[in-house]
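>>> Based on what follows, work out the 3D shape:
(one chain, ligands or ions: 2)
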Amino acid sequence: MLEVSGLCVSYGSVEAVRDLSLKVAAGSVVSLIGPNGAGKTTTLNALSGVVPVHGGRIMLEGRDITRLSSHQRVAAGVVQVPEGRLVLAGMSVRENLELGAYCRPRQDIPADIARMEERFPVLGQRREGLAGSLSGGEQQMLAMARGLMAHPKLLLLDEPSLGLAPLVVKMIFDLVLELKSQGQTILLVEQNVFQSLAVSDYAYVIENGSIVLEGPAAKLAADPAVARAYLGQAGPSASAPITGR
Ligand SMILES: Nc1ncnc2c1ncn2[C@@H]1O[C@H](COP(=O)(O)OP(=O)(O)O)[C@@H](O)[C@H]1O
Ligand SMILES: [Mg+2]
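Numbering: from 1, shown residues only. Ligands and ions are numbered 1, 2, ... in the order given. Model prediction:
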């Protein structure tokens, strides 16, 4: 589905992503894990066209999308649910869902909204309410539902569980599993490394803008270096580097 090769992204003189290559097979969930500031969000933003790339190539189903605008990429099927949810707080829940469907045929939108309200009942109950009045977990559901309204081929999820209560975190991961069972292709960025690996087929570890480790998710979850770096992820060992082991 997705093949990224030699991706480079800079902010001024800061090289945030360097020569990064990764693949996401159709129907798979792939995790991109790594410490804060490693370049995960930058990578997703480069894939969705929110930031320009300085080198490398992004192929979607064999088509070069590297130079497409972010709007064209949504139309091509690359849809990002950004970090921090970013729902439009002053618009209603329904309007937020409609926004996600801006590239869809108008006549399909009501049925898609009905499907989302079925999948996420709270979004139906709060249809006319302001998105900003939802709880953090509900806003994340809305952000994901808005992304799904575009019928993505590839869904890019950036820290969907960040800052949410454990019960809501579980709902997010259950949703990822449910989407996967329906054949949705997902590239997942998560600080909850082990929960993320548990729902993924394959994973990449990024540090300082480069991939330092990759493999089947189950294998990485059992890797002593990954365990060393992330097992006590609530504690100070979370930032221990994987490189130089
Ligand atoms: N808009 C920006 N301008 C300048 N530097 C940035 C910007 N966004 C991110 N960076 C830098 O790029 C690096 C990667 O950041 P980011 O992709 O957000 O990491 P992650 O999502 O893995 O925490 C960091 O060093 C960060 O400070
Ligand atoms: Mg980030």
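>>> Pass me the low-pLDDT residue ranges in this structure, would you?
231-245 (pLDDT under 70).
>>> change it to 90
84-89, 102-103, 191, 223-245 (pLDDT under 90).
>>> got the residue ranges for the strands in it?
2-11, 14-24, 29-33, 55-60, 63-64, 78-81, 154-158, 185-189, 202-207, 210-216 (DSSP state E).
>>> For ligand 2, tell me whether the second one is touching it.
No: interface with ligand 2: strand 14-24 contributes nothing (CB under 5 Å from the ion), its closest point being 10.6 Å away. For glycine as for every other residue, the C-beta is placed from the backbone atoms N, C-alpha and C.
>>> List the neighbouring strands of that strand plus their orientation.
strand 2-11 (antiparallel) (DSSP bridges).
>>> now the residue most central in space within the chain: how far from residue 188?
Taking CA atoms, centre = their mean, the centroid of the chain lies closest to residue 157, which sits 1.4 Å from it. Counting by CB to CB, to the nearest Å, the gap from residue 157 to residue 188 is 5 Å.
>>> Ok, residue 120 next?
19 Å.
>>> So for those two, which sits in the more crowded spot?
More neighbours surround residue 188 than the other of residue 120 and residue 188, with 27 against 21 (other CB atoms under 10 Å).
>>> Return the residues in contact with that one.
Residue 188 makes contact with 29, 30, 31, 32, 157, 160, 176, 196, 199, 200, according to CB atoms under 8 Å, 6 or more residues apart in numbering.
>>> what's across from it in the sheet?
With DSSP bridges as the rule, residue 188 is bridged to residue 31, residue 157.
>>> separation between it and ligand 2?
12 Å (CB to the ion, to the nearest Å).
>>> ok, now residue 42?
Using CB to the ion, one gets 8 Å for the distance from residue 42 to ligand 2.
>>> Quick check: that residue touching residue 15?
No: in this structure residue 42 lies outside contact range of residue 15 using CB atoms under 8 Å: 10.0 Å.
>>> who's more crowded, those two?
Neighbour totals were compared for residue 42 and residue 15, and residue 42 leads with 24 against 17 (other CB under 10 Å).
>>> Apart from its neighbours in sequence, what residue is nearest the more buried one?
Using CB to CB, 6 or more residues apart in numbering and skipping the chain neighbours, the partner closest in space to residue 42 is residue 16 (4.3 Å).
>>> what's around the one you found, how many residues?
That count, for residue 16 with other CB under 10 Å as the rule, works out to 22.
>>> Would you agree it is in contact with residue 40?
No: counting by CB under 8 Å, residue 16 does not reach residue 40; the two are 10.0 Å apart.
>>> mind listing the helices for this structure?
40-48, 70-76, 93-100, 109-119, 121-125, 136-148, 166-181, 193-198, 217-221, 224-230 (DSSP state H).
>>> export those helices to a markdown table and tack on distance to residue 24?
Below are those laid out as a markdown table (distance: least, CB to CB, whole Å):
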| stretch | distance to residue 24 |
| --- | --- |
| helix 40-48 | 10 |
| helix 70-76 | 14 |
| helix 93-100 | 21 |
| helix 109-119 | 23 |
| helix 121-125 | 27 |
| helix 136-148 | 16 |
| helix 166-181 | 12 |
| helix 193-198 | 14 |
| helix 217-221 | 13 |
| helix 224-230 | 20 |
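>>> will you turn these into a markdown table that also has distance to ligand 1?
Converted to a markdown table, those look like this (distance: least, CB to the nearest ligand atom, whole Å):
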| stretch | distance to ligand 1 |
| --- | --- |
| helix 40-48 | 3 |
| helix 70-76 | 15 |
| helix 93-100 | 22 |
| helix 109-119 | 27 |
| helix 121-125 | 27 |
| helix 136-148 | 17 |
| helix 166-181 | 17 |
| helix 193-198 | 12 |
| helix 217-221 | 17 |
| helix 224-230 | 14 |
